[in-house]
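>>> just coords:
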């Protein structure tokens, strides 16, 4: 999916929500484990069907599938295929945080972009240019670089000062030179206004993938105030708040309701 | 495998070689593709059998398996099991370069340490403490943190100056505080003497995983001169130089010969 198509989808659907598909087997409804051959896949498809009208993207985190070995990887592959077949206009992000030396990154890029047909892949930048560039060689595919993450550990290295400014700003500035606003985005877990302002000075037109914003308001308003651009430029993800809204028979319905709430809140910014 | 067992194995076998199992399907002997149901697995088992007498560790890079989807992941799982079953005294490194927020890192840790029974996993440090610490909660298992990598891109961020010293030194110093010499190692792609000297000042007792040293000498001598400690403290990996030494019927034999050459060179340092 290219940039203009993504923007169009956001404007048509009046939201920029990504639903994170992180199906922890300890948290999905118990009855699925008893009745389904592939409970993770069934869980996902029902969540996808219920939330698709209220989101523009789906983002499975590969850890939640790899944890269950071959059957988990099979669930992931079936899930990706289900999305691409039934919701071809949704932006599909594989949250895998990959990155290796050049040739090896190229193997990952082929796996996720060609074989699994994801639109985008999250990338860890620590190994530098030759670890990132192989992900930029595919038309209408996206590298989403970890810039500033939302976890506590982001203070350890990302927020260290390098030549007077934070490392994450240097990472964003440097990586941005390797690609363009048409094949690169950044993971930005910032909700503090000054951080987003600093980031927008460097990359005024790139899309940002913002994790962990809930339906409770406040943080979404802040992210929009400081991150939103003419072309929207934001994909905001929510995982657990949506997919584990209920663990009863109504889990899909409740997930849909949660997504709808966030989408409604987003619509006022578009 | 704990630290003392690893040291014992190195002293018994008189080498500290890791064989990198990166079975690129375009490079393995063509005849295997025609005759074998699972050519990657067959390739691996024959390489493993031929090189096991001359190495202390095996290191499959997960990218080379994920690239082939479910069948590739199956080949990886079978390979890990083959090593653990037939060579339980070899140190098994899953080169996956993982790292995510706390809970998600914990999923990866369980997958690689418990389900796949690897001894060690390579970890990307960019996301900081809560992304690394979950890998340190398993007895006799190891997190191998990317410190200074050997690729060209290591200059982009790892070698930036933070408070007057290179970022990779800060990463090593900070990560070392989260674990100990008994559950943490570092990937160090340095062959320059001053880099290894600087690193040994910070972590005098940790094991280093050094990639990309060949049998041609020179670099191995340099690494040993500046990296070797009383307890050895080095695992030196070679992948393509060994496993693709021949692409004929004699591929395993030639791989064994290459490993033997390196092991022989290493023996003089033990």
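Looks like it arrived, so ask away. Predicted model only: the values in this text are computed from it and were never measured.
>>> now do the contacts for the nearest residue to residue A:136 once chain neighbours are set aside.
Once flanking residues are discounted, residue A:136 sits nearest to residue A:179: 4.6 Å by Cβ to Cβ, 6 or more residues apart in numbering or on different chains. C-beta coordinates here come from the backbone N, C-alpha and C atoms, glycine included. Taking Cβ atoms under 8 Å, 6 or more residues apart in numbering or on different chains, we find residue A:179 in contact with A:132, A:136, A:143.
>>> nearest to chain B, of those?
Proximity of those to chain B (Cβ to the nearest Cβ) peaks at residue A:132, which lies at 7.4 Å.
>>> element containing that closest one?
Assessed by DSSP states H and E, residue A:132 sits inside helix A:129-132.
>>> contact partners of that helix?
A:99-102, A:105, A:123, A:125, A:143, A:145, A:175, A:178-179, B:151-153, B:156.
>>> just list whatever residues bridge to residue A:232.
residue A:229 (DSSP bridges).
>>> what about it, how many residues close to it?
21 (other Cβ atoms under 10 Å in any protein chain shown).
>>> repeat that for residue A:51.
Applying other Cβ under 10 Å, I find that residue A:51 has 26 neighbouring residues.
>>> can you pull out the strands in the stretch 151-270 of chain A?
Using DSSP state E, counting those that start in this stretch, the strands of the stretch 151-270 of chain A run over A:161-162, A:165-166, A:184-188, A:207-210, A:234-238.
>>> wait, which of those strands is closest to chain B?
Closest approach to chain B among those (Cβ to the nearest Cβ): strand A:161-162, 5.0 Å.
>>> which elements pack onto the closest one?
strand B:161-162 (3 or more Cβ pairs under 8 Å, 6 or more residues apart in numbering or on different chains; DSSP states H and E).
>>> which strands and helices lie in contact with the particular helix or strand that has residue A:34 in it?
Using DSSP H and E, residue A:34 maps to helix A:30-35. For helix A:30-35, the packing partners by 3+ Cβ pairs under 8 Å, 6+ apart come out as helix A:39-51.
>>> following element in sequence after the helix it packs on, please.
Toward the C-terminus, helix A:39-51 is succeeded by strand A:57-60 as the next helix or strand (DSSP H and E).
>>> mind listing what that next one pairs with, with the direction of each?
Counting by DSSP bridges, strand A:57-60 is paired with strand A:17-21 (parallel), strand A:91-98 (parallel).
>>> can you add mean neighbour count and give those back as a markdown table?
Putting those into a markdown table (neighbours: other Cβ atoms under 10 Å in any protein chain shown) gives the following:
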| stretch | mean neighbour count |
| --- | --- |
| strand A:17-21 | 26 |
| strand A:91-98 | 26 |
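>>> could you dump the ones you listed into JSON lines with distance to residue B:240 and mean pLDDT added?
Converted to JSON lines, the strands paired with strand A:57-60 look like this (distance: least, Cβ to Cβ, whole Å; pLDDT from 0 to 100):
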{"stretch": "strand A:17-21", "distance to residue B:240": "36", "mean pLDDT": "98"}
{"stretch": "strand A:91-98", "distance to residue B:240": "20", "mean pLDDT": "98"}
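>>> could you save these as a markdown table and add columns showing distance to residue B:17?
Converted to a markdown table, the strands paired with strand A:57-60 look like this (distance: least, Cβ to Cβ, whole Å):
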| stretch | distance to residue B:17 |
| --- | --- |
| strand A:17-21 | 41 |
| strand A:91-98 | 27 |
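>>> compare these and give me the one nearest residue A:213.
Closest approach to residue A:213 among these is made by strand A:17-21 (9.3 Å; Cβ to Cβ).
>>> so residue A:25: helix, strand or coil?
coil (DSSP: H, G, I helix; E, B strand; the rest coil).
>>> how far away is it from residue A:78?
16 Å (Cβ to Cβ, to the nearest Å).
>>> what does the stretch 1-150 of chain A put close to chain B?
A:22, A:24, A:61, A:63-64, A:66-70, A:73-74, A:77, A:97-102, A:104-105, A:107-108, A:110-111, A:115-116, A:124-132, A:146, A:149-150 (Cβ under 8 Å from any Cβ of the partner chain).
>>> ok, which of the strands paired with strand A:57-60 comes nearest residue B:7?
For residue B:7, the closest of these is strand A:91-98, at 32.6 Å, according to Cβ to Cβ.
>>> can you list the neighbours in contact with whatever helix or strand comes next after that closest one?
For strand A:91-98, the following helix or strand on the C-terminal side (DSSP H and E) is helix A:102-109. Here helix A:102-109 makes contact (Cβ under 8 Å, 6+ apart) with A:96, A:98-100, A:121, A:130-135, A:137-138, B:22, B:24, B:61, B:63-64, B:66-67, B:151, B:153.
>>> nearest to residue B:87 among the strands of the stretch 151-270 of chain A would be which one?
Comparing the strands of the stretch 151-270 of chain A under Cβ to Cβ, the one sitting nearest is strand A:184-188, at 39.5 Å.
>>> circling back: of the contacts of helix A:129-132, closest to residue B:2?
Taking Cβ to Cβ as the measure, residue B:2 sits nearest to residue A:100 out of those, at 27.9 Å.
>>> please compute how far stretch A:207-225 lies from its chain's middle.
The gap between the average C-alpha position of stretch A:207-225 and the chain average comes to 13 Å, counting by Cα atoms, centre = their mean, to the nearest Å.
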